[in-house]
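**Student:** Predicted model follows, preceded by the sequence.
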Amino acid sequence: MYLIEIPETINQLFGIYYRLRLWSHKDIPDYGDRILSYLHFTLLVSIMISIGVGAYMSNDKDEEIFLAIVTVAFAVLVHRLWHIIWRKDGLLTLIHQTGTYYTEDRKEFVEVSNKLNSLMKFICWYNSMLIICAFPAIVVYPIVNEKHSLLFNIAFPMDRSSLSNIGFWLAYACTMLAAFYAVICNFFINTGWYLMCSLIIEYKLLGNQMRHMGTIRTGKDVRKISKAEKQNLFRVKLNMVIQTYERINGVFGEFESFFGNSLFLQIATGSACICGGLYSLAFSSHIDLAQDLYFVAFLTYSIFDIFMILYLGNELKLASDELSTCLYESDWIEQTESSRKSIIILSERLKQPQQLVVGKLYPLNLETFTSIVNGAYSMFNILQSLRN
């Protein structure tokens with residue numbers, strides 16, 4: 001029996017939440033923990049409002065569009081932070097329901113381990129690239145450019161025209177804080193990727209169980225058994241398969257309920273964020289490399305933030321859809337009448353694959369991603385024509 005546990009990367013992400021006091025180790029957070037949670041949330045909401053007011057007060061149309069899109073992106077981050085702080089128990093329950101797998105097949109164990117390791121490496125690479133690209137624009141650019149302007153022209157009541165003014169450093173700290181919260185909230189959607197990947201793996205492992213119903217696997221050998229023993233074993237395995245299928249579907253429903261609103265907000269604003277990143281990059285003055293790097297990071301973030309969810313949603317549907325084929329690849333014809341009836345009933349259920357739909361409007365598949373990209377391109381053309 002091979003055991004696959006929750007990846008260390010996920011535990012490290014949760015460890016960051018505990019260290020920042022976004023989460024408490026206590027069942028009931030004490031007064032200090034609650035105050036810190038409200039402080040984190042209030043700061044992020046204040047930053048979002050400040051950027052939005054900055055967009056409203058800007059005299060530069062290009063800057064106004066960019067700040068408006070950033071405000072939309074931060075609205076999504078605010079919703080994620082709300083989930084992180086006040087829906088901790090639901091997230092941890094989902095993680096523990098999907099985080100542990102058992103398999104008797106070494107080949108399956110290696111395959112599943114490789115998939116999870118690949119996802120964890122991608123998450124680390126993705127977050128690292130975003131930080132590396134955004135760091136020069138957020139940290140270095142405001143200090144070295146002649147006007148000492150911030151990347152975000154946020155609404156701020158104090159004078160920040162020079163490095164000697166305290167107002168500059170306070171506004172600078174706000175932009176640093178904004179970047180910090182963006183990274184922290186991005187960890188939340190990384191966890192969603194992991195959960196979706198876990199559901200995909202569970203459906204694939206279930207499919208393999210269906211294929212091998214009625215056989216005893218010991219290492220690489222398949223032991224021959226009598227017909228009566230085989231039929232009895234098939235019936236036992238079939239009951240286990242049905243129970244496992246119900247359990248996975250239950251977790252699937254909990255995932256949809258927990259992440260549904262967050263994913264809906266993310267997808268509904270996806271076209272605007274992609275369009276904003278493309279617009280800012282296309283019409284940038286290209287004088288400051290650091291600023292262009294940030295626009296690249298923002299565009300990359302906007303695309304992958306949507307693409308990964310829709311790609312994994314598509315893979316989840318395909319993995320669920322394959323179960324009916326796996327069921328008929330088992331030796332079901334040689335079974336008893338009652339077992340064959342159970343197979344037929346189960347096959348009817350499997351004809352309708354599990355499909356994540358958020359807001360009763362957006363199915364999570366690659367067709368939706370294509371629609372979002374097309375919508376972003378149309379919005380870009382409209383903004384370009386208005387600009388000209």
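**Tutor:** That came through, no problem.

**Student:** all strands of the stretch 1-150 of the chain, in order?
**Tutor:** Secondary structure of the stretch 1-150 of the chain by DSSP state E, counting those that start in this stretch: the strands cover 2-4, 101-103.

**Student:** What is the burial count for Asp321?
**Tutor:** 16 (other C-beta atoms under 10 Å). C-betas here are computed from N, CA, C, even on glycine.

**Student:** Pro353 is in contact with that one, correct?
**Tutor:** Yes: here Asp321 reaches Pro353: they are 3.9 Å apart, a contact under C-beta atoms under 8 Å.

**Student:** circling back: want to throw the strands of the stretch 1-150 of the chain into TSV with mean neighbour count, distance to Ser198 and mean pLDDT?
**Tutor:** Converted to TSV, the strands of the stretch 1-150 of the chain look like this (neighbours: other C-beta atoms under 10 Å; distance: least, C-beta to C-beta, whole Å; pLDDT from 0 to 100):
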stretch	mean neighbour count	distance to Ser198	mean pLDDT
strand 2-4	14	10	76
strand 101-103	16	8	74
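
**Student:** in the chain, what secondary structure element scores lowest on mean pLDDT?
**Tutor:** Lowest on mean pLDDT, DSSP states H and E among the helices and strands of the chain sits strand 221-223, with a mean of 51.

**Student:** Now do whichever helix or strand comes after that one: distance to the chain's middle.
**Tutor:** Reading on from strand 221-223 to the C-terminus, the next helix or strand found by DSSP states H and E is helix 227-268. For helix 227-268, the separation from the chain centroid amounts to 20 Å (computed by C-alpha atoms, centre = their mean, to the nearest Å).

**Student:** Helix or strand for Asp305, just tell me which one.
**Tutor:** Using DSSP H and E, the element containing Asp305 is helix 289-321.

**Student:** For that helix, which helices and strands make contact with it?
**Tutor:** Applying 3 or more C-beta pairs under 8 Å, 6 or more residues apart in numbering; DSSP states H and E, one finds that helix 289-321 makes contact with helix 61-86, helix 106-135, helix 141-144, helix 166-211, helix 227-268, helix 270-282, helix 366-387.

**Student:** pLDDT (mean, whole number) over it?
**Tutor:** Averaging pLDDT along helix 289-321 gives 88.

**Student:** again with stretch 12-21
**Tutor:** For stretch 12-21, mean pLDDT is 92.
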